[in-house]
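Chemist: Okay, sequence plus prediction incoming.
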Amino acid sequence: MNIAEIFQGQMTTPLGAPAFPFGPYRFTDREYLNIVYRTDPVALRRLVPEPLEIAEPLVRFEVMKMPDTTGLGSYTEAGQAIPVVLDGEHGEYLHAMYVDSPAAIASGREISAYPKKAGRPALYTDADTLVGTLDYGSLRVATATMGYKQRPLDHEQAAAELTVPTFMLKMLPGYDGYPRIAELVRTRITDLTVKGAWSGPARLDLVAHAIAPLADLPVLEVVSASHILTDLTLSPATLVHDYLA
């Protein structure tokens, strides 16, 4: 393979069998369980990078089941997003994501800046309860429960919750160990169709874990919960702040 041929294929490795196909990725029947909770503002300030500003001491814990994703198939994610403000624009900073698909982890980290690592999330219905869980290794680190489809949620409100700008931190070292890329990037969900949305009572239990430290942002009060079924597309990330410039 000559140098020109290296750049003719997909920009990832292995050259003969890329770890993932390039997007854009279209999600059909993407299902969310979202629980927004109040947390310790001191703990939050330790984790949110400048120049992002914290709007309120809130965290959104999410579990997403994605049964039909172009190029990536079926997988599930769970994680924490933090409401922030950048230059007057309100959005969310993606703090942590745990995913059960190697292709989704690789594509999210390489193409964009999603803070994905391996985990075993699940979203299912147990009698009259919607349940979201996250296991790390053999240990349960998060359990979310919500009354199943108890009250309809306005679709415009649901869409507004999901389409706020998303900020992420891209960090890559060079071969000398020093930073080579240190960027804050922004993306946003597009082509969203809300197919169903509900609210209801919810609870969230986070368990301390050294490698999956979701409980470092403790649950002080559940503020709201939503269960949303969608079709949507993820847009490419764009640079908003270069820490090395």
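Modeler: Structure's in. What do you need?

Chemist: For the rest of this, base every contact and every neighbour count on C-alpha atoms.
Modeler: Fine.

Chemist: what are the C-alpha coordinates of stretch 41-55, in CSV please?
Modeler: Output of stretch 41-55 as CSV, limited to C-alpha atoms (Å, rounded to 0.1, in the frame of the first residue of the first chain):
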residue,chain,number,x,y,z
PRO,A,41,-21.9,22.5,43.8
VAL,A,42,-18.3,22.1,45.2
ALA,A,43,-18.0,18.6,43.6
LEU,A,44,-19.4,19.9,40.4
ARG,A,45,-16.9,22.8,40.1
ARG,A,46,-14.0,20.3,40.5
LEU,A,47,-15.1,18.5,37.3
VAL,A,48,-16.3,21.1,34.8
PRO,A,49,-13.4,22.6,32.7
GLU,A,50,-13.2,26.3,32.0
PRO,A,51,-14.3,28.3,30.1
LEU,A,52,-17.6,26.5,30.7
GLU,A,53,-19.6,28.0,33.6
ILE,A,54,-22.0,26.1,35.8
ALA,A,55,-25.6,27.4,35.5
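
Chemist: and it, how far from the chain's centre?
Modeler: 17 Å (CA atoms, centre = their mean, to the nearest Å).

Chemist: Just the endpoints, please. Distance across stretch 2-11?
Modeler: 15 Å (CA to CA, to the nearest Å).

Chemist: mean confidence score for stretch 92-100?
Modeler: Regarding stretch 92-100, the rounded mean pLDDT is 98.

Chemist: In the chain, where's the longest helix?
Modeler: helix 102-111 (DSSP state H).

Chemist: Just after that helix, pick out the following helix or strand.
Modeler: strand 116-118 (DSSP states H and E).

Chemist: Work out the sheet partners of that following strand and label each with its direction, please.
Modeler: strand 89-99 (parallel) (DSSP bridges).

Chemist: Next, the angle helix 102-111 makes with the strand it pairs with.
Modeler: Counting by axes from the mean of the first three to the mean of the last three CA atoms, to 10 degrees, strand 89-99 lies at 140 degrees to helix 102-111.

Chemist: so what secondary structure elements neighbour the longest helix of the chain?
Modeler: Where contact means 3 or more CA pairs under 8 Å, 6 or more residues apart in numbering; DSSP states H and E, helix 102-111 is packed against strand 116-118.

Chemist: Name the surrounding residues that touch the strand it packs on.
Modeler: 96-102, 105, 108-109, 136 (CA atoms under 8 Å, 6 or more residues apart in numbering).

Chemist: quick one: buried residues of the helix or strand bottoming out on mean pLDDT in the chain?
Modeler: Every helix and strand in the chain was compared by mean pLDDT, DSSP states H and E; the lowest is helix 3-6, with a mean of 83. Neighbour counts over helix 3-6 (16 or more other CA atoms under 10 Å) mark no residue as buried.
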